[in-house]
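J.: sharing a model that was predicted from the sequence below.
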Amino acid sequence: MIHIYANVHGNDTPLLTEIRKLLVHAPEDLNLRVQCAGDIRAGTVRSEWFRDRIEQADLMLVLFSAGMLADRETTGLLRNFLDKNPADRLIPVVARACMWDVSFGHLEVLPEQDRSVSEFEGAAKERVLVKIAKAVIAKAKAVAASKTTT
């Protein structure tokens, strides 16, 4: 199983839903499990849930937006993940135009360095979402390969 933690602000949950729909087409042997804060059940201690997800995560999908960057909890989770994992375990996506590059400019983001997903419409947006899903699957395959060799 490949655990993916999706670091997303509430306003971008619909975008994550679209990406999750595309990930259904990933090879079954990858057994992808994508989780985000929206999956927390009532009665769960948030800090423990986040700690456990970050420790379990093989990959982190980050949807950058102004809301995400303004939230200390979500940026803290991202920094914590980067402290414990190589940068190639991160899949950074610019969901909405924001100043992601001020703190995370060293990362190569999707869909393109100077555009956000929200700038695309119709078929062009669908192509961008497919590109993101393919990037997630490619990184998941690399993680799966490294798990079998260790």
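T.: Noted; the coordinates are in hand.

J.: just the element for the residue most central in space within the chain, please.
T.: Nearest residue to the geometric centre of the chain (C-alpha atoms, centre = their mean): Leu61, 1.0 Å. Element membership for Leu61, per DSSP states H and E: strand 59-64.

J.: show me the helices in this structure, by range?
T.: For the chain, the helices defined by DSSP state H cover 13-23, 46-56, 66-70, 72-84, 100-104, 122-149.

J.: columns mean neighbour count on top of the ones you listed, output as a markdown table?
T.: For every residue, glycine as well, the C-beta is placed using N, CA and C. What follows is the helices of the chain, written out as a markdown table (neighbours: other C-beta atoms under 10 Å):
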| stretch | mean neighbour count |
| --- | --- |
| helix 13-23 | 16 |
| helix 46-56 | 14 |
| helix 66-70 | 17 |
| helix 72-84 | 15 |
| helix 100-104 | 15 |
| helix 122-149 | 15 |
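
J.: quick one: closest of those helices to Tyr5.
T.: helix 46-56 (4.7 Å; C-beta to C-beta).

J.: which other helices and strands contact the closest one?
T.: strand 2-7, helix 72-84 (3 or more C-beta pairs under 8 Å, 6 or more residues apart in numbering; DSSP states H and E).

J.: what's it in contact with?
T.: For helix 46-56, contacts defined as C-beta atoms under 8 Å, 6 or more residues apart in numbering pick out His3, Tyr5, Gln35, Ala37, Ile40, Met60, Glu73, Leu77, Asn80, Phe81, Lys84.

J.: show me the shaky parts of the chain.
T.: Applying pLDDT under 70 to the chain flags the ranges 113, 150.
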